[in-house]
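> give me a 3D structure for the following:
(one chain, ligands or ions: 2)
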Amino acid sequence: MTTTRPSFTQIYMGLARSMSERSTCRRLNVGCVITTTDYRKVLAVGYNGNVSGGANDCDTHGEAAVGNCGCLHAEENAVINCDSPRGTPKLVFCTHLPCKMCAKRLVNLGGVHKVFYEAQYRLSESPAVFQAASIHVQQYAQVVSVAVGNAATANALRDLPSRIARLCRGRSELEHPDTADFVLGQLRMVVEALLTETEK
Ligand SMILES: [Zn+2]
Ligand SMILES: [Zn+2]
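Ligands and ions are numbered 1, 2, ... in the order given. Below is the predicted model of the structure:
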C-alpha cells in the first residue's frame, strides 16, 4: 500500500490546474471544478476564455484589458455548465481566488459548501461575499501542508518550478500584475508548507 495516495482535494485541484491549461486568455489562465461533497461526482468544469466558437483570444489587449479582456471567467463557465439541482451539496476547486462577481455566481448556483483556491487573485473582495453566504473559503496551501503531510508537501515543492514555467509559457509579461500575483501566491504556498513542516 502506498502512503502517498493523493487526497481528493489534491486530485480535483490538479484537475482545475489541467483545465486552466485550456484557457485562451492572455492575462491569466484559470480553471474551476465543481464536485459533490462526497467527491464521487464531477458536476462541472470551466476555464476562462472567449465565447464558444469565438476567437481563441481576448477581445482587448494591453492596459485596456485589465479587468475587461472580454473573457468569461472559469467559475462563470463552470456555473453555466453545472446542471445539478440547487439542493445538491457542492465543493468548488479554483486555481485562483474567485473574483467578487464569480463569488456571487457561486452563491446563486446554490448548494456550495466550500471553495478551495490555490493562488491569490489581483482582487480579494470575494471572501466577504462567501462568508456572508456561509460558504467556507480556504486556500489550498493549508490543505496540502496540514492535511496531506510531508510527502505531498515535498511533491508540491518539487513540482513548483516546472508548474510556474508551464503557466508562464508564451508570456513575455512576467512583470504583469496577474503573473506577479500568481508567483506570489505560489511562493506563499511554499512558505506556508515550510512553516508547517518546521512545526512538526
Ligand atoms: Zn482574456
Ligand atoms: Zn470571476
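> for the closest residue to Cys69 other than its chain neighbours, give me its contacts.
Closest residue to Cys69 apart from its sequence neighbours, by C-beta to C-beta, 6 or more residues apart in numbering: Cys58 at 3.8 Å. C-beta coordinates here come from the backbone N, C-alpha and C atoms, glycine included. Applying C-beta atoms under 8 Å, 6 or more residues apart in numbering to Cys58 gives the contacts 24-27, 50, 65, 69-71.
> dump those residues into CSV; add distance to Lys104, secondary structure and pLDDT as well.
Below are the contacts of Cys58 laid out as CSV (distance: C-beta to C-beta, whole Å; DSSP: H, G, I helix; E, B strand; the rest coil; pLDDT from 0 to 100):
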residue, distance to Lys104, secondary structure, pLDDT
Thr24, 24, coil, 94
Cys25, 20, coil, 94
Arg26, 25, coil, 92
Arg27, 21, coil, 90
Asn50, 22, coil, 97
Ala65, 22, helix, 87
Cys69, 20, coil, 95
Gly70, 20, coil, 95
Cys71, 18, coil, 97
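> buried subset of these, written for PyMOL?
Typed into PyMOL, the next command selects the buried ones out of those (criterion: 16 or more other C-beta atoms under 10 Å):
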select buried, resi 25+26+27+50+65+69+70+71
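> distance of Ala78 from ligand 1?
16 Å (C-beta to the ion, to the nearest Å).
> isn't that residue right up against Ile34?
Yes. Look at Ala78 against Ile34 with C-beta atoms under 8 Å: they come within range, at 5.3 Å.
> what's the neighbour count on Val42?
13 (other C-beta atoms under 10 Å).
> skipping its backbone neighbours, what lies nearest it in space?
Thr35 (5.3 Å).
> quick check, that neighbour in contact with Leu91.
Yes. Thr35 lies in contact with Leu91 (C-beta under 8 Å); the separation is 5.1 Å.
> pull up the overlap in contacts between these two.
Tyr12.
> anything in contact with each of Ala78 and Ile34?
By C-beta under 8 Å, 6+ apart, the residues touching both Ala78 and Ile34 are 44-45, 92.
> out of the contacts of Cys58, who's near ligand 1?
25, 69, 71 (C-beta under 5 Å from the ion).
> which residues does the closest residue to the first one other than its chain neighbours contact?
Read that as Cys25. Among residues not flanking Cys25 along the chain, Cys71 sits closest, at 4.4 Å (C-beta to C-beta, 6+ apart). Cys71 makes contact with 23-25, 27, 48-50, 58-59, according to C-beta under 8 Å, 6+ apart.
> thanks again, I'm all set now.
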